[in-house]
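Asks: give the three-dimensional model of this entry:
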Amino acid sequence: MQRPYGRPQKPNPDGSPVVSHSYDVIVIGLGGMGSAAACHIAGRGQGVLGLERFGPAHNLGASHGGSRIYRQSYAEGPEYVPLSLRARELWDRLGADAETEVFARTGGIMIGRADSLMVAGSLRSAREWGLEHEVLDATEIRSRFPTFAPADDDVAFYEREAGVVRPELTVAAHLRLAERRGAELRFNEPATRWEALPGGGVRVTTAGGTVAADRLIIAPGAWAQRLLPDLAIPLSVERRVTYWFAPKGGVAPFDITRHPVYVWETPDDSEMYGFPALDGTDGGVKVGFHYGGGAADPDHLHREIRPVEVEEMQDFLRSRIPALATGRFLRGTACTYTLTPDEHFVLSAHPEHPQVIVACGFSGHGFKFVPVIGEILADLAIDGTTHHPISLFDASRSTTFGALQP
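Replies: A predicted model of the protein is given here:
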């Protein structure tokens, strides 16, 4: 039975911390996943408290940088495809509900050798799910997308339904809708401690006091190690950099109607990704490496972009996207990846506390799923189960590196 959220509580006679208010669900972390969860839960009439250590739609975690790739034919495993398809429906719904354009279809191309993960894995999932796609040889890549300069033995997987999602706009839209639907959101109030109570329910302590709820969702991004130190799946945080270049010759060939989102994998397992020009002639073109960057502390992330990092990116682009390599570097930004050993998500009830739901370790490829993950978290918090296929993401699983290789 739903109870009014934010109900004041009486002092505890046993001397335990005084709980100021009680809710149906508390959500710790209001980035991509947590904001979506708060929106979906509030939309189902539940009393929600959202807690965020920074301000709304901030740039200090992993839900910023202006753009993320959305793709359906999923190289990381065909198990992801149903979630990707549902996410697309929810991206469109979010845009309509919030009256904000959060998704744009651009088409997407995965380039590499025929046996590379991105090409072979995408092809495998497309065939398994009957998704529309094309396979292009190097000559066809150059003809269709002249910004690219593939090697003669490169091939590509192309899907028309891929596109761009906007992270800051997405988080802001979910937060706005959550508040409109009755959620209470507190910013600049980090959760410092949580406790699963023996008889059910949870208690969460922040700098502002102690609050209680029937259930708790922990979506802490790079701070997962702080709030989930006993999780059996080890998590590591790494720094990543994205770069914006002004292409030599101008941005017209990189226009959103001509240049797709892409992932480019090399024989030595390097992996670059990029976007069309999304923000006019002055915004530049964004690219980045999926791997590399080294271990990072999210509280002390090195945010300055070093000249050697820019040079490394330009060297990689030189033989692949020459107009960017020879263009002018505009800016860069640093963010964090929170990685699991197998690079699959953690999205399930806590192994020891069924009233606590964990959403973390999205390993640099989770944002495209944000709206459906919000739906899943709402299912788990309200109903204790979901019809979505998430067994791959169980927090009790055993994990090893290399599990993503096809």
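Asks: residue contacts, L339?
Replies: 235-238, 361, 363-364 (CB atoms under 8 Å, 6 or more residues apart in numbering). From N, CA and C alone the C-beta is placed, and that goes for glycine too.
Asks: for the residue lying closest to G31 once chain neighbours are set aside, what are phi and psi?
Replies: In space, and not counting its chain neighbours, G31 is closest to S63: 4.2 Å by CB to CB, 6 or more residues apart in numbering. Main-chain dihedrals, S63, degrees, to the nearest 10: phi -110, psi 50.
Asks: contact partners for S63?
Replies: 31-32, 57, 167-168, 170-171, 221, 367.
Asks: over to R258?
Replies: So R258 contacts 145, 252, 276 (CB under 8 Å, 6+ apart).
Asks: switch the cut-off to 7 Å
Replies: By CB atoms under 7 Å, 6 or more residues apart in numbering, no residues touch R258.
Asks: quick check, it in a helix?
Replies: No: counting by DSSP: H, G, I helix; E, B strand; the rest coil, R258 falls outside a helix, being coil.
Asks: distance of the residue nearest to G31 relative to G374?
Replies: 13 Å (CB to CB, to the nearest Å).
Asks: with distance to Y291, pLDDT and neighbour count as extra columns, can I get the contacts of L339 in TSV?
Replies: Formatted as TSV, the contacts of L339 follow (distance: CB to CB, whole Å; pLDDT from 0 to 100; neighbours: other CB atoms under 10 Å):
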residue	distance to Y291	pLDDT	neighbour count
L235	17	95	18
S236	13	95	14
V237	14	96	19
E238	9	96	18
G361	16	97	28
S363	11	96	22
G364	9	95	20
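Asks: want to try JSON lines for these, with secondary structure as columns?
Replies: Below are the contacts of L339 laid out as JSON lines (three-state DSSP):
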{"residue": "L235", "secondary structure": "coil"}
{"residue": "S236", "secondary structure": "strand"}
{"residue": "V237", "secondary structure": "strand"}
{"residue": "E238", "secondary structure": "strand"}
{"residue": "G361", "secondary structure": "coil"}
{"residue": "S363", "secondary structure": "coil"}
{"residue": "G364", "secondary structure": "coil"}
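Asks: and which of those is nearest to P247?
Replies: Ranked by distance to P247 (CB to CB), those are led by G364 at 25.1 Å.
Asks: could you find the closest non-adjacent residue to that closest one?
Replies: Leaving aside its chain neighbours, G364 sits nearest to Y337 (4.2 Å; criterion: CB to CB, 6+ apart).
Asks: each with direction, which strands does the helix or strand the one you found falls within pair with?
Replies: Assignment of secondary structure by DSSP states H and E places Y337 within strand 328-339. Strand pairing for strand 328-339, determined by DSSP bridges: strand 236-246 (antiparallel).
Asks: what's the following helix or strand past the strand it pairs with packed up against?
Replies: Once strand 236-246 ends, the next helix or strand along the chain (criterion: DSSP H and E) is strand 261-265. Counting contacts by 3 or more CB pairs under 7 Å, 6 or more residues apart in numbering; DSSP states H and E, strand 261-265 is packed against strand 108-112, strand 271-274.
Asks: E168: helix or strand, and which one exactly?
Replies: Going by DSSP H and E, E168 is in helix 167-180.
Asks: next, the buried residues of that helix.
Replies: For helix 167-180, a neighbour-count test (16 or more other CB atoms under 10 Å) marks 167-179 as buried.
Asks: by contact count, what packs against the helix or strand following it?
Replies: Going down the chain from helix 167-180, the next helix or strand is strand 184-186, by DSSP H and E. With contacts taken as 3+ CB pairs under 7 Å, 6+ apart, strand 184-186 sits against strand 48-51, helix 167-180.
Asks: return the distance of the longest helix along the chain from the chain's centre.
Replies: Longest helix in the chain, counting residues (DSSP state H): helix 81-98. Computed by CA atoms, centre = their mean, to the nearest Å, the separation of helix 81-98 from the middle of its chain amounts to 14 Å.
Asks: can you list contacts of whichever helix or strand comes after that helix?
Replies: Heading C-terminal from helix 81-98, the first helix or strand you meet, by DSSP H and E, is strand 103-105. Contacts to strand 103-105, defined as CB under 7 Å, 6+ apart, come from residues 70, 91-92, 95, 161, 163-165, 256.
Asks: ok, which pair from those is furthest apart?
Replies: D92 and I256 (17.5 Å).
Asks: okay, those two: which has more neighbours?
Replies: I256 (19 against 13; other CB atoms under 10 Å).
Asks: and the chain, what are its domain boundaries?
Replies: 21-62+168-233+342-393, 68-165+236-339 (automatic domain parsing).
Asks: show the end-to-end separation of the longest one, please.
Replies: So that's domain 68-165+236-339. End-to-end distance of domain 68-165+236-339 (CA to CA, to the nearest Å): 17 Å.
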